[in-house]
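> give the three-dimensional model of this entry:
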Amino acid sequence: MKRHYEILDGLRGTAALLVVVFHLLEARFPDPALNPMHHAFLAVDFFYLLSGFVVGYAYDDRMAAMGIAKFLRTRLIRLHPLVILGVLIGAIGYWFDPFAQAEQPVTFPRLLLSLGLGILLIPAPDLPNRYGETHSLNGPCWSLLQEYIANIIYALVGLRLGKPGLWLLVITSGLTLLITAAYLPNLGTGWGWENIWIAPIRMMFPFFAGLLLYRTGLRIKIPFAYPLLSLLLLIIFCAPTFTYNGLAEAACIILVFPLVVAAGAGGHVSGRWAKLSAFSGRISYPIYILHYPFIYIFTHWFYAKNPAVDQFSTVAAACLLFFVALAWVALRLYDEPVRSWLKRKLAA
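Next up, the predicted model:
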């Protein structure tokens, strides 16, 4: 039986929780340079790197027997039930948002169009009051679309690439990321129609760097890896902005994140840290894909009510606890049962 990289699960949960906090703070600090967690959107790039590592670990040695079609169905079963739930929640939230109704005039057929395309993860015409997003009902779905594209490229090309070819792909995509970042104030982009071309650039390097990291076997052993690496992610996300901020963030993705994953893969965790890591990993995906429809409402509440700092902090903290509870309930009562049913159907 294959080893389970429990620390990588825990780090995925750490990054997910931190990006949720970043989104809550965005209501008060819409400019990332002013947000206390200046760089937390880099959690998405960290997710891609983790995904490349885990996909390689899980499927490199069994794709020949599994086949491309079954691999893609397996990945769809793993990811898509929560995509559907998140888009449904987003549609309900958009229609009934109590703080933004006048700002969101939309006909029911147009909402249904966005809902249908959103369920398929297809970019849709942006809805009013949604900042030009490609996935207006649940913004983070843009990153899931790139995850799907990464999995398709892995199945069609990446699986057949030897190490020299994979190195070439990683170096080329890394240079592309650096060149793109040199012209950007930050890398928190790729989610809108005006910047959709940046989305695959953000995905290509970290995903295939993660795959290369798995295949090269680089592992770093450090004591207390899970808490120390979680703290390192927090420090990175809260680091100040820089004169060449886009380049600094690209350098973090290219140089620091692979070392974090190598250290996570080389470590072990036990006791209470193991329980926390396991819980954090289990809720990481549901909390990431389900929280954002409520962020829209939270942000509109902030603009409508202009609350004092203490009230804002209290409501934000309550939202964070709600998101954790929602993620756990959705995982246990919806995602796991649906995936189990779909796996049985696939096996049959």
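
> which other residues reach the lowest-mean-pLDDT helix or strand in the chain?
When each helix and strand of the chain is scored by mean pLDDT, DSSP states H and E, helix 63-66 comes last, with a mean of 88. For helix 63-66, contacts defined as Cβ atoms under 8 Å, 6 or more residues apart in numbering pick out 59, 71, 74, 155, 159. C-beta coordinates here come from the backbone N, C-alpha and C atoms, glycine included.

> A helix includes residue 243, no?
No: residue state for residue 243 (DSSP: H, G, I helix; E, B strand; the rest coil) corresponds to coil; a helix is not indicated.

> any idea how far residue 32 is from it?
Distance, residue 243 to residue 32, by Cβ to Cβ, to the nearest Å: 15 Å.

> buried sites along the least confident helix or strand of the chain?
residue 63 (16 or more other Cβ atoms under 10 Å).

> return that helix as CSV; C-alpha atoms alone will do.
This file holds the C-alpha atoms of helix 63-66, laid out as CSV (Å, rounded to 0.1, in the frame of the first residue of the first chain):
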residue,chain,number,x,y,z
MET,A,63,-2.0,5.0,-15.9
ALA,A,64,-1.0,2.2,-18.4
ALA,A,65,-3.6,-0.1,-16.8
MET,A,66,-6.1,2.6,-16.1
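
> all helices of the stretch 51-200 of the chain, in order?
Applying DSSP state H, counting those that start in this stretch to the stretch 51-200 of the chain gives helices spanning 63-66, 68-96, 108-119, 141-156, 163-181, 198-216.

> winner for burial among the ones you listed?
Of all the helices of the stretch 51-200 of the chain, helix 198-216 carries the top mean neighbour count, a mean of 24, counting by mean count of other Cβ atoms under 10 Å.

> and after it, which helix or strand comes next?
Scanning forward in sequence from helix 198-216 by DSSP states H and E, the next helix or strand is helix 225-238.

> any idea of the mean pLDDT for that next one?
Averaging pLDDT along helix 225-238 gives 97.

> pull out the CA atoms of that helix and give them to me as CSV.
Provided in CSV are the C-alpha atoms of helix 225-238 (Å, rounded to 0.1, in the frame of the first residue of the first chain):
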residue,chain,number,x,y,z
ALA,A,225,7.6,19.8,9.5
TYR,A,226,3.9,20.4,9.6
PRO,A,227,3.7,23.3,12.1
LEU,A,228,7.0,24.9,10.8
LEU,A,229,5.9,24.8,7.1
SER,A,230,2.5,26.1,8.0
LEU,A,231,4.1,29.0,9.8
LEU,A,232,6.4,29.5,6.8
LEU,A,233,3.3,29.8,4.5
LEU,A,234,1.8,32.3,6.9
ILE,A,235,5.0,34.4,6.8
ILE,A,236,5.2,34.2,3.0
PHE,A,237,1.6,35.3,2.6
CYS,A,238,2.0,38.2,5.1
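
> and that helix, what does it pack onto?
helix 6-26, helix 43-59, helix 257-266, helix 271-290 (3 or more Cβ pairs under 8 Å, 6 or more residues apart in numbering; DSSP states H and E).

> buried stuff in it?
In terms of neighbour count (16+ other Cβ under 10 Å), helix 225-238 has its buried residues at 225-227, 229-230, 232-234, 236-237.

> and the two most separated of those residues?
For the buried residues of helix 225-238, the maximum inter-member distance is 18.3 Å, found between 225 and 237 (Cβ to Cβ).

> about what we covered before: in terms of mean pLDDT, which of the helices of the stretch 51-200 of the chain ranks lowest?
It's helix 63-66: among these, that one has the lowest mean pLDDT, namely a mean of 88.

> and residue 310, how many neighbours?
8 (other Cβ atoms under 10 Å).

> part of a helix, is it?
Yes: judged by three-state DSSP, residue 310 forms part of a helix.

> that one and residue 161, how far apart?
For residue 310 relative to residue 161 (Cβ to Cβ), the value is 54 Å.

> also residue 304?
52 Å.

> again with residue 187
Separation of residue 187 from residue 161 (Cβ to Cβ): 26 Å.

> give me the more crowded residue out of those two.
residue 187 (26 against 18).

> run through the residues that contact that one.
41-42, 45, 181, 198, 202, 246, 249-250, 253.

> many thanks, I have nothing further to ask.
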